[in-house]
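[1] sequence plus predicted model, see below.
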Amino acid sequence: MNKGIQHALQLGACGLVLACTACKQDNVEAPVETDGLGEAALPVTESDNNAASTGESLSRQVADAVADLADRAGIAADAIAVTEARTVNWGSGAVGCPKEGMNYTQAIVPGVLLLLEADGRIYRYHGRSGGKLFHCPDERAEAPAYGQGEEFM
């Protein structure tokens, strides 16, 4: 291989390692996503991703979403019914709820689709596996990338 090309590849690899290392520093806060209504959703952490396949994590996600809807709608949590809860694969980093004008990673993202019913209305909650679910308004909601995933409740 030409020494000039080899040197350029080595410099590029070093730059990539430095860029990735800078992103992983402990003193840098993860970007905060919003739920579409101006409320912040918690960033996904490594421990969330490690717990993604456990029933405990899924139950926590559902319980947190029910609590969020109870606060949002001003109703008791026991007045909310889970009508659908399943693992899915989203088609991008938008996890089925893209915001106009935003760019998202174009990759399959393992996640959760949750439909809650309260006062005769269905509320959609989307999110990544192990991450905090957020309310997704009907006008922004998209179907999962393929299939309907596995029902867990």
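    Sure thing, it's come through. Numbers count the residues shown, from 1 in each chain.

[2] from here on, contacts and neighbour counts on C-alpha atoms
    OK.

[3] where do the helices sit along this protein?
    Along the chain, counting by DSSP state H, helices occupy 3-23, 46-50, 55-73.

[4] how near is P137 to E150?
    According to C-alpha to C-alpha, to the nearest Å, P137 and E150 sit 23 Å apart.

[5] more crowded one of the two?
    Between P137 and E150, P137 has the larger neighbour count (other C-alpha atoms under 10 Å), namely 14 against 11.

[6] in space, what's closest to the more buried one - neighbours in sequence excluded?
    The shortest distance from P137 to any non-neighbouring residue, by C-alpha to C-alpha, 6 or more residues apart in numbering, is to R124 (6.9 Å).

[7] what's the answer for A141, then?
    Closest residue to A141 apart from its sequence neighbours, by C-alpha to C-alpha, 6+ apart: C97 at 4.9 Å.

[8] now stretch 88-108: mean pLDDT?
    For stretch 88-108, the mean per-residue pLDDT is 96.

[9] quick one: end-to-end distance for that stretch.
    Start-to-end span of stretch 88-108 (C-alpha to C-alpha) is 10 Å.

[10] contacts for it?
    36, 109-113, 126-128, 136-137, 140-150 (C-alpha atoms under 8 Å, 6 or more residues apart in numbering).

[11] do the same with stretch 63-82
    Applying C-alpha under 8 Å, 6+ apart, the external contacts of stretch 63-82 come out as L114, L115, L116, E117, A118, D119, Y125, K132, L133, F134, H135.

[12] is Y125 bridged to anything, and to what?
    Counting by DSSP bridges, Y125 is bridged to L114, H135.

[13] quick one: it and C136 touch, right?
    Yes. If you go by C-alpha atoms under 8 Å, Y125 and C136 touch, sitting 5.6 Å apart.

[14] good, wrapping up.
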